[in-house]
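Asks: All I have is the shape, not the residue letters:
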């Protein structure tokens, strides 16, 4: 099996590791606009060969794991270049615009719209880890638009990698993911910003911050190059979640100003039920 | 050494475990208004004996690890009951009101105001873990007000437990900790609330939430009974941090509304330097 990975960072590189482990006979070709990353991926043995679009015709499977704005422009070209028996799937954190961009493409049946919900706050080929996707959810949109045989090839791999599959339409995906992923990133970035601005003396943060702070601002280490186009593509939903989040913070501040400590207790107590919800979320091994 | 632990939950219980490990000959007495917790602490061998205030006179060391509002009312009574050669220290997340409440106490020299910055989102005796404090910072306020010999006894234990000591005045402690701990808890609780409100179908959260969400809302599992009085005692500082946080979120929303994606990239890129700061924070082993 010839597998092409376009964008060989955390997401693509972790796929490469699992594919090589599960299918040692497969040949993995890497394509990346960042030549250093490509060399690094070869050195790390994530890929067997550095490649380019010209070779895409020999691909049996293509994973496109590049920023979501680049996916919108590159996916139509990639589909054009692959053979009729090749499955192309992406890993982007937004699905609506990508599905729309491809809806009239004459090779739409070669494409499977995916969002494997996995990752860490690190990026680049060196961040790739085995088993990243084990036990994680992979959301697939518009599955009915993909050729049956090609769906099967991709789904078989996802199954072997230990992913749980959920089917959803692109609009619903983008709406829900704004709450459970995109908003978390903004809250984390802005928390980091608030603390950095105030604590000019970084020594104080270092000394006083515990693991609670570490956990809450972990996502503020995420890649701006990856996240800017996600926020752009999911702007409407993200603004809505942000407004609700700000309103909840304002309400909490009001309770403090009114010294309504029963109210504050109740807010926290009601939210404690997040425990049961979180107990079902598989943690990233690292 | 007779050690009394008043409030035998996560903080007190984890101290008990380390003290027993480091000083197997010591006798650990537990006092708690929650009789179930006390029984559990005995069953878990966190304590050797269930005890009560009447026995405090035989204590060599007392740790008060109860909600901060209870500390303000209980610490004066506890100090009254201990002998002159006993050191009493607390573990509260606020220091200003506690130090003020004790400033004129005739046994002020028996008290050491401490904030060991360690914990998990769990609570109660069963949450106690060994080595919780290893590599963590313990902030000590107004050290000069504690008798030298008694300071020494407590500091020797903290050293054996692997804690780093930092000295700070209570006002500075409460101001800084609002940023690096109290605000994180509010941001996490309100994030949890925002998502729970929207996602009535919990199955959707469960399926779509990745480890990023889990990390960001972890603190929303924290105990309301412990956190309500912390927010009450540190109200002014907490409101200030909350206002700055909300202003930063509003500014981010404005950038989205104006479609200023360069601005959004810059916000995230500037905040990425939190990486270097966080690299210095010891993580809780669990």
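Replies: In hand now; what should we look at? Bear in mind that the values here come from a model prediction, so they are computed numbers and not experimental data. Numbers count the residues shown, from 1 in each chain, chains lettered A, B, ... in the order given.
Asks: can you pull out the strands in chain A?
Replies: Remark: strands assigned in chain A by DSSP state E are A:2-6, A:27-31, A:49-50, A:61-64, A:87-90, A:111-116, A:137-141, A:164-168.
Asks: Can you name the residues in contact with the last one?
Replies: Just to be clear, that refers to strand A:164-168. With contacts defined as CB atoms under 8 Å, 6 or more residues apart in numbering or on different chains, strand A:164-168 is touched by A:135-141, A:143, A:155, A:158-159, A:176, B:207-208. Any C-beta I mention is one placed from the backbone N, CA and C, and that applies to glycine too.
Asks: Would you tell me which one of these comes nearest to residue B:150?
Replies: residue A:135 (51.1 Å; CB to CB).
Asks: How many neighbouring residues does that closest one have?
Replies: Counted by other CB atoms under 10 Å in any protein chain shown, the residues lying close to residue A:135 total 15.
Asks: Now do the contacts for the residue nearest to residue A:180 when sequence neighbours are not counted.
Replies: Leaving aside its sequence neighbours, residue A:180 sits nearest to residue B:209 (CB to CB, 6 or more residues apart in numbering or on different chains; 4.3 Å). Shown in contact with residue B:209 (CB under 8 Å, 6+ apart): A:117, A:180-181, A:277-278, A:281.
Asks: same question, residue A:19
Replies: A:3, A:26, A:28, A:157.
Asks: Which parts of chain A are helices?
Replies: Assigned by DSSP state H, chain A shows helices spanning A:10-22, A:35-43, A:68-81, A:96-102, A:148-160, A:170-177, A:183-198, A:202-208, A:211-217, A:224-233, A:235-257, A:261-271, A:274-278.
Asks: which stretch among those comes nearest residue B:11?
Replies: Closest to residue B:11 of the helices of chain A is helix A:211-217 (CB to CB; 13.3 Å).
Asks: Flag every buried residue along that closest one.
Replies: By neighbour count with 16 or more other CB atoms under 10 Å in any protein chain shown, helix A:211-217 contains the buried residues A:211-217.
Asks: sorry, back to before: is it possible to export the contacts of residue A:19 to JSON lines including pLDDT?
Replies: Putting these into JSON lines (pLDDT from 0 to 100) gives the following:
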{"residue": "A:3", "pLDDT": "98"}
{"residue": "A:26", "pLDDT": "98"}
{"residue": "A:28", "pLDDT": "98"}
{"residue": "A:157", "pLDDT": "98"}
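Asks: which two from those end up farthest apart in space?
Replies: Top of the distance list for these (CB to CB): A:28 and A:157, 12.7 Å.
Asks: So what are the structural domains in chain A, by residue number?
Replies: As recorded under automatic domain parsing, the domains making up chain A are A:2-171, A:173-278.
Asks: Any idea which of those domains has the lowest pLDDT on average?
Replies: Ranked by mean pLDDT, these bottom out at domain A:173-278, with a mean of 91.
Asks: ok now that domain, how far from the chain's centre?
Replies: Remark: domain A:173-278 is offset 19 Å from the chain centroid, using CA atoms, centre = their mean, to the nearest Å.
Asks: Same question for stretch A:20-32.
Replies: That offset, for stretch A:20-32, works out to 21 Å (CA atoms, centre = their mean).
Asks: Buried residues in it, which are they?
Replies: Neighbour counts over stretch A:20-32 (16+ other CB under 10 Å) mark A:20, A:27-32 as buried.
Asks: Could you dump these into CSV and include distance to residue B:253?
Replies: CSV is the format used below for the buried residues of stretch A:20-32 (distance: CB to CB, whole Å):
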residue, distance to residue B:253
A:20, 43
A:27, 47
A:28, 41
A:29, 42
A:30, 38
A:31, 36
A:32, 33
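Asks: Out of the residues you listed, which is nearest to chain B?
Replies: Minimum distance to chain B across the buried residues of stretch A:20-32 is 20.2 Å, recorded for residue A:32 (CB to the nearest CB).
Asks: any idea which residue sits dead centre in chain A?
Replies: Central residue of chain A (CA atoms, centre = their mean): residue A:93, 4.7 Å from the mean position.
Asks: Quick one: residues contacting the closest residue to that one other than its chain neighbours.
Replies: The shortest distance from residue A:93 to any non-neighbouring residue, by CB to CB, 6+ apart, is to residue A:230 (4.9 Å). Counting by CB under 8 Å, 6+ apart, residue A:230 touches A:67-68, A:92-94, A:182.
Asks: from those residues, which would you call buried?
Replies: Members of the contacts of residue A:230 classed as buried by 16+ other CB under 10 Å are A:67-68, A:92-94, A:182.
Asks: May I ask which two of those residues are separated the most?
Replies: A:67 and A:182 (14.3 Å).
Asks: which bits of the stretch 51-200 of chain A sit near chain B?
Replies: For the stretch 51-200 of chain A, the residues in contact with chain B (CB under 8 Å from any CB of the partner chain) are A:117-121, A:136-137, A:139, A:164, A:166, A:176-177, A:179-181, A:183-199.
Asks: Would you mind measuring from residue A:160 to chain B?
Replies: 20 Å (CB to the nearest CB, to the nearest Å).
Asks: Can you give me every residue that contacts the nearest residue to that residue once chain neighbours are set aside?
Replies: Spatial nearest neighbour of residue A:160, excluding adjacent residues (CB to CB, 6+ apart): residue A:22 at 5.0 Å. By CB under 8 Å, 6+ apart, the residues touching residue A:22 are A:157, A:160-161.
Asks: Likewise for residue A:11?
Replies: With CB under 8 Å, 6+ apart, residue A:11 has these contacts: A:65, A:91, A:116, A:118-119.
Asks: Likewise for residue A:97?
Replies: A:68, A:72, A:233.
Asks: Repeat the analysis, applying 7 Å as the threshold.
Replies: With contact taken as CB atoms under 7 Å, 6 or more residues apart in numbering or on different chains, residue A:97 is in contact with A:72, A:233.
Asks: And for residue A:234, the neighbour number?
Replies: Neighbours around residue A:234, by other CB under 10 Å: 25.
Asks: returning to that earlier point: from the contacts of residue A:19, pick the one nearest chain B.
Replies: Lowest distance from chain B to those (CB to the nearest CB) belongs to residue A:157, with 19.6 Å.
Asks: how much space between the closest residue to that closest one other than its chain neighbours and residue B:157?
Replies: Nearest residue to residue A:157, sequence neighbours excluded (CB to CB, 6+ apart): residue A:19, at 7.1 Å. To residue B:157, residue A:19 is 53 Å away according to CB to CB, to the nearest Å.
Asks: what do you get for residue A:143?
Replies: For residue A:143, the distance to residue B:157 - CB to CB - is 61 Å.
Asks: which one of those two has more residues nearby?
Replies: residue B:157 (22 against 16).
Asks: Would you mind measuring from the residue lying closest to residue A:14 once chain neighbours are set aside to residue B:210?
Replies: Spatially, and ignoring its direct neighbours in sequence, residue A:14 is nearest to residue A:132 (4.0 Å; CB to CB, 6+ apart). Separation of residue A:132 from residue B:210 (CB to CB) stands at 11 Å.
Asks: before we move on, what about residue A:81?
Replies: According to CB to CB, residue A:81 stands 32 Å off from residue B:210.
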